[in-house]
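**Student:** the following comprises the amino acid sequence and a computationally predicted model.
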Amino acid sequence: MSLQDELTAVQHCLDDLVRTVGRLERSLAQLREADSAPDPLAPDGHADPVDGVITITEAPYDTTLWTDSDDEGLGVRGRHAP
């Protein structure tokens, strides 16, 4: 392959890269426009719950949930590690 042929091949690859980057930029702009659209809110100002989605509150966890739990790699609380 001559130098001119190699330069032509590189130019074609660069042209393909420019086209691909342009398409990606347009796709990203469309995604950003879709994300910036306001979410429909319920009358109380919170989004409506979606099936299968669990809302986690900011309230502290109930410590009784962890009474019999093991600390990973350390064993049961209140006992010495083996």
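**Tutor:** Sure, I can see it.
**Student:** and residue 25, how far is that from residue 16?
**Tutor:** Using CB to CB, to the nearest Å, one gets 15 Å for the distance from residue 25 to residue 16. The way it works is simple: take the backbone N, C-alpha and C, and place the C-beta from them, glycine included.
**Student:** for residue 1, same thing?
**Tutor:** Look at residue 1 and residue 16: by CB to CB, they are 19 Å apart.
**Student:** the two: which has the busier surroundings?
**Tutor:** A direct count of neighbours by other CB atoms under 10 Å for residue 1 and residue 16 places residue 16 higher, at 10 against 7.
**Student:** so the more buried one lies in a helix, does it not?
**Tutor:** Yes: counting by DSSP: H, G, I helix; E, B strand; the rest coil, residue 16 is found in a helix.
**Student:** residues touching it, list them.
**Tutor:** Residue 16 makes contact with no residue, according to CB atoms under 8 Å, 6 or more residues apart in numbering.
**Student:** let me know the pLDDT of it.
**Tutor:** The model reports residue 16 with a pLDDT of 95.
**Student:** against residue 64, how distant is it?
**Tutor:** Taking CB to CB as the measure, residue 16 falls 62 Å from residue 64.
**Student:** what residues does stretch 22-35 touch?
**Tutor:** Outside stretch 22-35, no residue is within contact range by CB under 8 Å, 6+ apart.
**Student:** for residue 24, see how far away residue 14 is.
**Tutor:** 15 Å.
**Student:** need the per-residue pLDDT for residue 67.
**Tutor:** The per-residue pLDDT reported for residue 67 equals 71.
**Student:** contacts only, for it.
**Tutor:** Residues counted as contacts of residue 67 (CB under 8 Å, 6+ apart): none.
**Student:** how close does it get to residue 61?
**Tutor:** In terms of CB to CB, residue 67 sits 12 Å off from residue 61.
**Student:** count of neighbours near residue 5?
**Tutor:** Under the neighbour criterion other CB under 10 Å, residue 5 is assigned a count of 9.
**Student:** now it: how far from residue 14?
**Tutor:** Counting by CB to CB, the gap from residue 5 to residue 14 is 15 Å.
**Student:** same thing with residue 57?
**Tutor:** Taking CB to CB, one finds residue 57 at 53 Å from residue 14.
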